[in-house]
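Visitor: Need coordinates for the following:
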Amino acid sequence: MKYSVKLIAAMVLALAAGNAMAVNDKADVKVTGKIVPPACVPVVTGGAVFDFGTTKAASLKQDALNYLGEKGLKFSITCDSPTKIAFRTTDLRNGSAISVSDMKLLSRPTTSDMKLYGLGTEGGKKIGSFAMVIGGSERKIDTGDGVLITALDGIRSMDNGKTWGLFSDNGKKGDIYLDNNNSLTSFSASGTLEPLSVKTISASLWIGVALNKGSELDLTKANHLDGMASIQVVYL
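Guide: Model prediction:
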């Protein structure tokens, strides 16, 4: 009887020792990494600076808005693989835009409710507004499958990409008007409403500027145009 008790105890001790060894006799394997969307890099030549030079105060109309002109720079997008993209813009001088109507900016009639971008303020006075468009006669998209598309439509979504439509105003067909209204804009093959997959985009970025009435500015000192906006690439 005593022998039996000693045997059981020895077996228990052996099992306990085996379990203790099993706890330490292992290696943990950890797997890390991440999956990222294709990168699309926008480039605007000239450092994306549109310099409208010097305007003499005496040349400004006192009781009407002043059309300053338009300037364009080369604009391109390069994606590391074909990707459906759109653009969303933000006014970095928010609150400084003036209302512009009865004027054409970038071949597009302006209305008082059009969301333009501000040119900053001087002495508390709003200097003016500017509009932006991606277009130009050289615009084309390489879809990455050997297809180069030049017959393009500019399309816009007001519901974050769920539905798309053509621009309803009378802008230049095929251009993307970048309004400050939280919309998404993109290119589609002409006659369709589906954003294209893009490997590269070649186009121009154009800026059109309207200055405030001379009577609304302090023209006894220099007024510095200080517009700034960001163009964000959105992956669809």
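
Visitor: can you map out the helices along the chain?
Guide: 2-24 (DSSP state H).

Visitor: For stretch 54-70, give me every contacting residue.
Guide: 52, 98, 100, 103, 105-106, 128, 206-215, 217, 219 (CB atoms under 8 Å, 6 or more residues apart in numbering). Where you see a C-beta, it was placed from the backbone N, CA and C, and this is true even at glycine.

Visitor: One more: stretch 96-114?
Guide: In contact with stretch 96-114 (CB under 8 Å, 6+ apart) are residues 65, 67, 70, 91, 115-121, 126-133, 169-172, 175, 177, 179-180, 206, 208-210, 212.

Visitor: hang on, isn't Glu52 packed against Lys71?
Guide: One thing to correct before we go on: residue 52 is Phe, not Glu. Yes - at 6.7 Å, Phe52 and Lys71 qualify as touching, with contact defined as CB atoms under 8 Å.

Visitor: Can you spell out which residues form a bridge with the residue nearest to the spatial centre of the chain?
Guide: Geometric centre of the chain, nearest residue: Gln232, 1.9 Å, by CA atoms, centre = their mean. Bridge pairing for Gln232 (DSSP bridges) gives the partners Arg88.

Visitor: That one reaches Leu92, doesn't it?
Guide: No - at 11.8 Å, Gln232 does not count as touching Leu92 under the criterion of CB under 8 Å.

Visitor: give me every residue that touches the residue nearest to the centre of the chain.
Guide: Phe87, Arg88, Thr89, Thr90.

Visitor: Just the buried residues out of those residues, in PyMOL syntax.
Guide: Of the contacts of Gln232, the buried ones can be selected in PyMOL as follows, counting by 16 or more other CB atoms under 10 Å:
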select buried, resi 87+88+89
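
Visitor: pLDDT and distance to Met228 for the contacts of Gln232 - can I get that in TSV?
Guide: Shown next, in TSV, are the contacts of Gln232 (pLDDT from 0 to 100; distance: CB to CB, whole Å):
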residue	pLDDT	distance to Met228
Phe87	96	16
Arg88	96	16
Thr89	95	11
Thr90	95	10
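
Visitor: ok, the contacts of Gln232 vs Phe75, which is closest?
Guide: Phe87 (10.6 Å; CB to CB).

Visitor: which residues of the chain score low on pLDDT?
Guide: In the predicted model of the chain, residues 1-24 satisfy pLDDT under 70.

Visitor: go with 90
Guide: Along the chain, the parts satisfying pLDDT under 90 run over 1-38, 102, 113, 136-138, 145-147, 167-174.

Visitor: can you give me phi and psi for Asp175?
Guide: phi -90, psi 150 (degrees, to the nearest 10).
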